[in-house]
Structures are given as structure tokens and as C-alpha cells.
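1. Dropping a prediction and its sequence here:
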Amino acid sequence: MPSPDDIKYIAIAGNIGVGKTTLTRLLSERFNWQAFYENFEENPYLVSFYEDMSRWAFQSQIFFLKERIKEHINIQQLQVSCVQDRTIYEDAEVFARNLYERGIMPERDFAVYYDLYSGLRDFLRSPDVLIYLRASAWTLISRIRKRGRDFEQQIDKEYIMQLNTLYESWVSDMQKTHRVLVIETDEFDIIDDEAWRENVLQRISEEVAGI
């Protein structure tokens, strides 16, 4: 059985369509880490949310919060290294906050949501390394269109830009207290560019080894 110091928690952060799921899978396969994927397909509110954000924002975010809590508990209990596709922090500090700042989620709903998140956050294990995948809004829109999830096709550039702004602010704060590796993805495709992919995996391996 590995010692506690050998058990790592790696989190993959980034905007919609940036490549988190692909990188999570590659890291799991390369380093034999237990993978935790974003459970968007089982969110019973997601299609309704994209059709009417104001009506379904709170319900959709509460579902994601519930799923993140379950994932974190599993990560803390497993005696193996884990890699997670998106974190509870992003759900609250980026996605829910963006809905509130745009006037889509009412203040009272956001206050209830954020109070619940804040009350749980300090009991959860923080990532040993946070990997932030960065891309411009135009790159993200192109990738979203290319992967073809029906419920995502109406996402507009303004929404993606607002999320990017909040991501940059959140990552800047995380860098003050956490080990953060920022990877620029605008000019590269992690699936098709083998040399770049190998370089990214090597950088991550070195970052984790340095903990």
C-alpha cells in the first residue's frame, strides 16, 4: 500500500471545451491515476438550463455541487492517486458566480448556494497540483462546435469570455496558496499534436514529482 505522501490529487481546470476530459483520460492512462470525470450527462437540469438559464440556473448548479462533493469524498477515501476533470471550486467561483453577476441567478439563490459551498469547502482536500488549461474564447467556441454536443451549440462568445475572465481571476488567487501549472492550448491540439502532448505530460509528471 502506498504511503500517504505518495497519494496525489491532481485537478484539471479550464473553460468549456478546453480539453479537460481528454487530458484527464491521458493522465489516467499514462500514470495509472484514478480518473474522475465531469458528470454533465446525468445532470437532469442541463438541457433545460441552456434553454432557459434564469429558470434552471440554481437547480443545475446545485446538482453539480452535489456531484463534486461526492467526488471529493471518494478522492479523500481512496488510497490511490487521483485526477479530476473540473473541481468544486470552479463550479462556485466561476460558473455560479458568472450566473449571479449576469443577473441570471438571483441574489438570494446565489447566497444560499455559496453559503453551502463555503461551509463544505474547508473540509475537502485541496489539489496537490492544479492544472489550468487556458484558451481564448474563439478557440473554445471552435472546439465546442467541433465536438457537437447538442445542448452546447447555443453557447455564445460573450458567455465564454465572461467565464474566461472569472477563470483568470480565480486562478490568480489559487496561485497564491496552491501549486498551479498553467498550460496554453490555443495553438495546439492535444489529440493530434503528439509532440506537444508528450511535452505536456512530461511537464505534469515533473510538477507532481516536485511536490
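-> Sure, I can see it. Numbers count the residues shown, from 1 in each chain.

2. Low-confidence ranges, this structure, go.
-> Counting by pLDDT under 70, the chain contains low-confidence ranges at 1-4, 148-154.

3. Excluding sequence neighbours, find me the nearest residue to the residue sitting nearest the centre point of it.
-> When the chain is reduced to its mean C-alpha position, the closest residue under C-alpha atoms, centre = their mean turns out to be Arg86, at 2.2 Å. Spatial nearest neighbour of Arg86, chain neighbours left out: Glu38 (4.8 Å); criterion: C-beta to C-beta, 6 or more residues apart in numbering. Heads up, the C-betas are built off the backbone N, CA and C, glycines and all.

4. Pretty sure that neighbour sits in a helix.
-> No - under DSSP: H, G, I helix; E, B strand; the rest coil, Glu38 sits outside any helix and is assigned coil.

5. if I pick Thr22, what's in contact with it?
-> 190-191 (C-beta atoms under 8 Å, 6 or more residues apart in numbering).

6. From Met174, how far out is it?
-> Here Thr22 is placed at a distance of 22 Å from Met174 (C-beta to C-beta, to the nearest Å).

7. again, but for Phe123
-> 18 Å.

8. Settle it for me: which of the two has more neighbours?
-> The neighbour count for Phe123 versus Met174, taken as other C-beta atoms under 10 Å, is higher for Met174 (20 against 10).

9. If the spatially closest residue to that one that is not a sequence neighbour is in a bridge, with which residues?
-> Nearest residue to Met174 in three dimensions, chain neighbours excluded: Val180, at 5.5 Å (C-beta to C-beta, 6+ apart). Applying DSSP bridges to Val180 gives these bridge partners: Leu130.
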